[in-house]
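*Asks:* quick one, fold the following:
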Amino acid sequence: MTRVLFVCMGNICRSPMAEGLARQRWAERLPGVQVDSAGTGDWHRGQPPDARAVSVAAAHGVDLSTLRARQCTVADAQRFDLILCADQDNLDAVRRLLGPRAEGRCDLLLRYAGIAGAHDVPDPYFGDVSAFEQVFALLRDAIDAIGQRLQSR
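*Replies:* Numbering: from 1, shown residues only. Take a look at the predicted model:
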């Protein structure tokens with residue numbers, strides 16, 4: 001069993017979209033992989049994903065309606081084999097939180113996916129629906145690449 005955690009700032013945009021995509025796209029190919037998402041901040045704890053994320057995901061057949069925001073905790077270092085962060089700020093925050101327990105478990109989502117020239121998944125929160133569409137497409141490509149990588153392990 002491999003456990004993957006996707007992390008962004010508030011756990012209402014990027015990381016729930018990544019979680020939903022991974023659940024949908026890996027369900028048959030990678031039944032031994034469990035996924036979850038979390039945020040480095042606690043502002044949205046218990047709330048559903050941003051309505052724009054839910055709407056964009058639903059338009060592509062991905063259901064985010066049951067997800068609720070939660071904050072990343074020290075316990076996640078023991079629960080997850082791989083912690084993939086949306087951007088460098090969140091990666092730094094996770095590494096500070098987890099300390100030595102993060103060693104070898106944390107990376108940038110796009111870097112781990114091997115997406116050339118990409119570094120951070122842009123935060124669509126202050127954009128319009130088109131920003132969410134762009135992030136969803138980027139995450140879809142990344143989730144497929146990560147799925148292939150996990151499948152070949």
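*Asks:* wait, isn't Arg70 in contact with Asn11?
*Replies:* Yes. At 6.1 Å, Arg70 and Asn11 qualify as touching, with contact defined as CB atoms under 8 Å. (Each C-beta comes from the backbone N, C-alpha and C, glycine too.)
*Asks:* so for those two, which residue has more residues nearby?
*Replies:* Asn11 (29 against 18; other CB atoms under 10 Å).
*Asks:* intersection of neighbour lists for Arg70 and Asn11?
*Replies:* Ser37, Ala38, Gly39 (CB atoms under 8 Å, 6 or more residues apart in numbering).
*Asks:* nearest to Ile146 among these?
*Replies:* Nearest to Ile146, judged by CB to CB, of the shared contacts of Arg70 and Asn11 is Ser37 at 13.7 Å.
*Asks:* against Arg52, how distant is the closest one?
*Replies:* The gap separating Ser37 from Arg52 is 16 Å, by CB to CB, to the nearest Å.
*Asks:* pick out whichever of those two has more residues nearby.
*Replies:* Neighbour tally, Ser37 and Arg52, criterion other CB under 10 Å: the higher count belongs to Ser37, 28 against 21.
*Asks:* my guess is that one meets Leu67, correct?
*Replies:* Yes. Between Ser37 and Leu67 a contact is recorded at 7.1 Å, counting by CB under 8 Å.
*Asks:* give the residues shared as contacts by these two.
*Replies:* Counting by CB under 8 Å, 6+ apart, the residues touching both Ser37 and Leu67 are Pro16, Glu19.
*Asks:* tell me which residues are up against stretch 43-53.
*Replies:* 10-13, 16-17, 54, 57, 64-65, 67-71, 124-125, 128-129, 132, 136.
*Asks:* coming back round to it: looking at the shared contacts of Arg70 and Asn11, which are in strands?
*Replies:* Judged by DSSP state E, strands contain the following of the shared contacts of Arg70 and Asn11: Ser37, Ala38, Gly39.
*Asks:* for those residues, which one is nearest Arg23?
*Replies:* Ser37 (10.1 Å).
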